[in-house]
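**Q** What follows is a predicted protein model with its sequence.
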Amino acid sequence: MAAATRAIAVASNTTASCLLFKRPLLLKRSSLCFKNPSGAKRLFSCRAIYNPEALQIKQEGQPETLDYRVFLVDNSSKKVSPWHDIPLHLGDGVFNCIVEIPKESSAKMEVATDEPYTPIKQDTKKGKLRYYPYNINWNYGLLPQTWEDPSFANSEVEGAFGDNDPVDVIEIGESQRKIGQILRVKPLAALAMIDEGELDWKIVAISLDDPRASLVNDVDDVEKHFPGTLTAIRDWFRDYKIPDGKPANKFGLGNKAANKDYALKVITETNEAWAKLVKRSIPAGELSLV
């Protein structure tokens, strides 16, 4: 059976948006449309499928310089986009997450969405490297194959438009992770941050290899086993720009964390937006689709 045919055949019996194989499988930005077990029809899109465990982290330049980049590469040293080429959904409510900022650090690292292979770099403002005014207390990263569409006004969150980036993840586990590390996480909650009028979702999740991962499966479990964490996350992201003289960020959905089901809804919608982006159904602008 041809590789692409095999992928589609397997996809018809799974909720996974992209499937893991031992070797990369190129689908040339093809789209898969199938029904999940609940009967809902959802569109997922794959370009290249990689087993994240086979990828390596490659650094170019020196940390805390304008030239510093963190790439993901396969076993032939080919660069792989952490945004486009890593599968999102692994089945059973588990997702891949790529770490951009390790906990207890302050350099504002992010995927360079406008550069080929979208490496991770330190953000800049007026040519200077950006740092948070204090350390972030959780691992911070992105969900691959998601995109917050800047042309879409979300009626549930004050009509705010997407921020043109992948969806952010706040991983609350105890271990400090590495830049570029790929984690298998389960979403627990969602915060609808509004940053200067743009909707910037924060998915609260935990890595499956964390010792307390089995204890938490929804927003109420976070309050029980990580008391105060959701409030601390909201307050941190609300206030981190204030030392720079900017106003506090706002939050929609009643200023509270939404539950797991809502987080999954956000992930599904932003994955579908990403699929339209890479199919070029929506203009990419300066975004790199490589």
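**A** Received the coordinates, thanks. Numbering: from 1, shown residues only.
**Q** From now on I want contacts and neighbour counts done on CA atoms only, so please keep to that.
**A** OK.
**Q** show me what contacts Asn75?
**A** 54-56 (Cα atoms under 8 Å, 6 or more residues apart in numbering).
**Q** mind running it again at 7 Å?
**A** Neighbouring residues of Asn75 by Cα atoms under 7 Å, 6 or more residues apart in numbering: 54-55.
**Q** As PDB, could you dump the C-alpha coordinates of stretch 173-184?
**A** Only the C-alpha atoms of stretch 173-184 are listed here, as PDB (Å, rounded to 0.1, in the frame of the first residue of the first chain):
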ATOM      1  CA  GLY A 173       4.800  20.000  35.800                       C
ATOM      2  CA  GLU A 174       7.600  20.000  38.300                       C
ATOM      3  CA  SER A 175      10.600  19.600  35.900                       C
ATOM      4  CA  GLN A 176      12.400  22.400  34.000                       C
ATOM      5  CA  ARG A 177      12.400  21.500  30.300                       C
ATOM      6  CA  LYS A 178      14.800  22.500  27.500                       C
ATOM      7  CA  ILE A 179      14.200  24.900  24.600                       C
ATOM      8  CA  GLY A 180      13.000  22.800  21.600                       C
ATOM      9  CA  GLN A 181      12.000  19.800  23.700                       C
ATOM     10  CA  ILE A 182       8.900  18.000  22.600                       C
ATOM     11  CA  LEU A 183       6.500  17.000  25.400                       C
ATOM     12  CA  ARG A 184       3.400  14.800  25.300                       C
END
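**Q** Any idea how far that stretch is from the middle of the chain?
**A** How far stretch 173-184 lies from its chain's middle: 13 Å, per Cα atoms, centre = their mean, to the nearest Å.
**Q** cool, and stretch 83-92?
**A** That offset, for stretch 83-92, works out to 10 Å (Cα atoms, centre = their mean).
**Q** That one: end-to-end distance?
**A** Distance across stretch 83-92, first residue to last, is 21 Å (Cα to Cα, to the nearest Å).
**Q** for stretch 249-261, same thing?
**A** 24 Å.
**Q** List the buried residues in it.
**A** Neighbour counts over stretch 249-261 (16 or more other Cα atoms under 10 Å) mark 249-252, 257-260 as buried.
**Q** okay but Ile182 is in contact with Val99, surely?
**A** Yes: Ile182 lies in contact with Val99 (Cα atoms under 7 Å); the separation is 6.4 Å.
**Q** Could you check which of these two has the larger neighbour count?
**A** Neighbour count, other Cα atoms under 10 Å: between Ile182 and Val99, Val99 has more, with 28 against 25.
**Q** contacting residues around the helix or strand hosting that one?
**A** For Val99, the host element (DSSP states H and E) is strand 94-101. For strand 94-101, contacts defined as Cα under 7 Å, 6+ apart pick out 82, 87-89, 108-110, 120, 139-144, 178-186.
**Q** Mind giving me the ChimeraX command for buried ones among the residues you listed?
**A** Those of those that count as buried under 16+ other Cα under 10 Å are selected in ChimeraX with:
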select :82,87,88,89,108,109,110,120,139,140,141,142,143,144,179,180,181,182,183,184,185,186
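**Q** Of the contacts of strand 94-101, which belong to strands?
**A** Counted as lying in strands by DSSP state E, out of these, are 89, 109-110, 120, 139-143, 182-186.
**Q** and which of those is nearest Lys103?
**A** Nearest to Lys103 out of the ones in strands among the contacts of strand 94-101 is Asn139 (Cα to Cα; 4.4 Å).
**Q** Check the spacing between Arg212 and Ile242 real quick.
**A** 33 Å.
**Q** The buried residues of stretch 249-261 into TSV, with extra columns for secondary structure and pLDDT?
**A** Formatted as TSV, these follow (DSSP: H, G, I helix; E, B strand; the rest coil; pLDDT from 0 to 100):
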residue	secondary structure	pLDDT
Asn249	coil	97
Lys250	strand	97
Phe251	strand	98
Gly252	coil	98
Ala257	coil	98
Ala258	strand	98
Asn259	coil	98
Lys260	helix	98
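**Q** Can you report how many residues lie near Glu115?
**A** Residues within reach of Glu115, counting by other Cα under 10 Å, total 15.
**Q** OK, contacts around the nearest residue to it once chain neighbours are set aside?
**A** In space, and not counting its chain neighbours, Glu115 is closest to Ser288: 5.7 Å by Cα to Cα, 6 or more residues apart in numbering. Ser288 is in contact with 113-116, counting by Cα under 7 Å, 6+ apart.
**Q** How are the strands of the stretch 101-250 of the chain distributed by residue range?
**A** Here the stretch 101-250 of the chain has its strands, by DSSP state E, counting those that start in this stretch, at 105-107, 109-111, 120-122, 124-125, 128-129, 131-136, 139-143, 153-154, 160-162, 167-171, 182-195, 198-207, 250-251.
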